[in-house]
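Visitor: structure here, sequence nowhere to be found:
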């Protein structure tokens, strides 16, 4: 997704810092809301046959909902993408196994415990959850999708999930999108939601999405958890194809701290409600849906970056002139993940020398003597040295912005890629030196 | 270099925090000395025919020496390794070009300006420096080795270097090792020196080394600048061979922040003083020298890590059970460079779940269900889940130490590697959000 598309989406999320001092209800860990938080949240429309609920299960946090459910009245088509970690969590293993069957009736998500690196016990906890959901929602265990986020290595006690799910079923309704988006938060400082409507053959359809994720964010996958539901009928095979494509320029193009979670999960559902799903990728309907999907995923990805742990700046990095797209992407991610680049941005220092360093570090073809670097449209370096019209004052002005776009041309080819990240602040260290305790 | 060798060297540098409140003379940027600084510095012996000096050239810092020189009375053999950055500095280009000629008469090093990404002007500054040294030391320009460290992208004015080098020559003496080690510092909080003596055929020889480096430290190369001189006569070809080998388990096995400098330079000299140099790698002399070289490089590498920007912990990470050595090394570096691992260590939190995350992120073969993790000899996880005898209290005790050794067995093979790093603190962010200004 290019700069243009990005700008089109920005107004929705780059709103004033009205909520900067609002304290999120994070149980025992009250934290300040990100200064980059949106001023308000989108109104999420109801989707027929889709009910949601969030309940208090007391897994780790107290006085907040930490177990959420999406229940489909009729079997939904489903697609998913997961972490590439070599040490995936038990719920990720479970979802991967159920996905080929292509049918979903319930999604169960908990925060506070990732059920990762929990061995046999972790597998049992997932089975127990699926069994409990089966009884409550009257479906097969294979139609239950499960995700967990929180501490790694702590056994998850699911023995009381049956009761919690029953309560959830009792209070589930079509309007609980925000409640669920809040229930799945961990170090997030605000709930993340996005929605689009689109038309196919004169009918209006909807796509609702939510995400959680704040640290341990690096492609691939980026956000830890994201759930999306549409009422446009799409068959699982096409749903998967479109999701695979759409995560590339969204969740797979962001990084908060280069760290990859054991639990990253994106699940996309089509509430068929008995209808036959579209399966042709080139149909007008598939195109309209794919466009909405791209926009919702991009918006959620930006919300994740803007809630990056300790973030004070939203940074866009576009690398052009690379050997090819993959090379451009590697250089862009090397810049995005460089602690020295990230701390300079935190310090509002237009230290473009560190961009040079990061380009050199990436190990990709780049012509030092043709390198061109600009911050916020202001060219700082040209043809391998400081721009002749370089103006430290103007550069400093750019760095004071909330949103900083960095463009780097490495002068060897036509490859281009854009990634998004945030800065690295002392707040990030404080949050993570202290998360578990 | 294994744990055993490491422990043998440790007593030399893991001394009490006596100097924690000492303020380094860093010109306008006074900083606290690393709490991991050595209590004192080794006495560096004179090496025949080798004179050193440091002078004030006012390049960036005020009231401190920032230009240093090593002068060889007779041609010395020389070997070097340099940054793998695709955007190397002008001095690195220069040294690479002179190295094959294998002869050195002078080394000129400045701090405060890296002369990197300075285009034509940078090349001119290097030439001007070599010319000035040629006149002062009566040698060929190709016998002058040059290194610069500091800000990237700022033109280096070398127009007055002739005068500075003349003053340096006037005051040069065989005992100025510490003066030079101080003059080449940038964000370093203490000078880094190491020395060894060794015997060959009943004769005693010396090897002196110094290094600077604190941030932008990642293999390969790790330390930004290091200079070593021996009086054991070794031919350039063998010198290069031994240096290439010795940087592997030392400078190329450390990382402070994963960032790779444009300027990393290690130069090793043998002051031949007219003697013919050893050229057989399997001679007893070459072996004795190689051993001393390995020890000095390792000690300097540890001093760099312990002076990592903002460091409060010295961390050793050993990965075993990997597919092969390269794989073990990649996993170890992924752990070492993970912001979430580094911040947990800063917070004295035995958050081994983040080690699992980093192993999974590395993308190398690893068996999640056979993973074993220990901190300070205390096993925290075994066979893919928390150890049955896990004791949070004991784990917390380990985390309070200055030196924390983490061992991870990934359960797939016999590959093993050790790397060293430091933690990531709010101090690191403060230093780097503010370095240039």
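Guide: Thanks, I have it. Given the structure is predicted, the values throughout are model-derived calculations rather than measurements.
Visitor: you'd agree residue A:198 is in a strand?
Guide: Yes: the assignment for residue A:198 (DSSP: H, G, I helix; E, B strand; the rest coil) places it in a strand.
Visitor: what residues are up against it?
Guide: Taking Cβ atoms under 8 Å, 6 or more residues apart in numbering or on different chains, we find residue A:198 in contact with A:204, A:205, A:207, A:232, A:288, A:289, A:291, A:292. For glycine as for every other residue, the C-beta is placed from the backbone atoms N, C-alpha and C.
Visitor: quick one: contacts for the last one?
Guide: Under the criterion of Cβ under 8 Å, 6+ apart, the contact list for residue A:292 reads A:196, A:197, A:198, A:207, A:230.
Visitor: same deal with the fifth one?
Guide: Contact analysis of residue A:288 by Cβ under 8 Å, 6+ apart lists A:198, A:199, A:200, A:205, A:232.
Visitor: pull the most distant pair out of the residues you listed.
Guide: Within these, A:199 and A:232 form the most distant pair, 10.0 Å apart (Cβ to Cβ).
Visitor: which residues do those two both contact?
Guide: Joint contacts of residue A:199 and residue A:232 (Cβ under 8 Å, 6+ apart) are A:205, A:288.
Visitor: what's the average pLDDT for stretch A:77-86?
Guide: With pLDDT averaged residue by residue, stretch A:77-86 scores 92.
Visitor: do the same with stretch A:122-131
Guide: On average, stretch A:122-131 scores 97.
Visitor: mind checking how far that stretch is from the chain centre?
Guide: 25 Å (Cα atoms, centre = their mean, to the nearest Å).
Visitor: can you show me the helices along the stretch 151-300 of chain A?
Guide: Taking DSSP state H, counting those that start in this stretch as the test, the helices found in the stretch 151-300 of chain A are A:161-171, A:177-183, A:236-247, A:284-306.
Visitor: which one of those lies nearest to residue B:42?
Guide: Of all these, helix A:284-306 sits nearest to residue B:42, with 47.6 Å by Cβ to Cβ.
Visitor: buried set for the closest one?
Guide: Within helix A:284-306, the residues that count as buried by 16 or more other Cβ atoms under 10 Å in any protein chain shown are A:285-286, A:288-290, A:292-306.
Visitor: domain parsing of chain A, as residue ranges.
Guide: A:21-306, A:314-432 (automatic domain parsing).
Visitor: for those domains, which one sits closest to residue B:407?
Guide: domain A:21-306 (16.5 Å).
Visitor: which parts of the stretch 101-250 of chain A are strands?
Guide: A:103-113, A:144-151, A:192-200, A:203-212, A:225-230 (DSSP state E, counting those that start in this stretch).
Visitor: let me have these in CSV, adding mean pLDDT as columns.
Guide: Shown next, in CSV, are the strands of the stretch 101-250 of chain A (pLDDT from 0 to 100):
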stretch, mean pLDDT
strand A:103-113, 96
strand A:144-151, 94
strand A:192-200, 97
strand A:203-212, 97
strand A:225-230, 96
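Visitor: nearest to residue A:392, of these?
Guide: Here strand A:192-200 is closest among these (Cβ to Cβ), at 36.8 Å.
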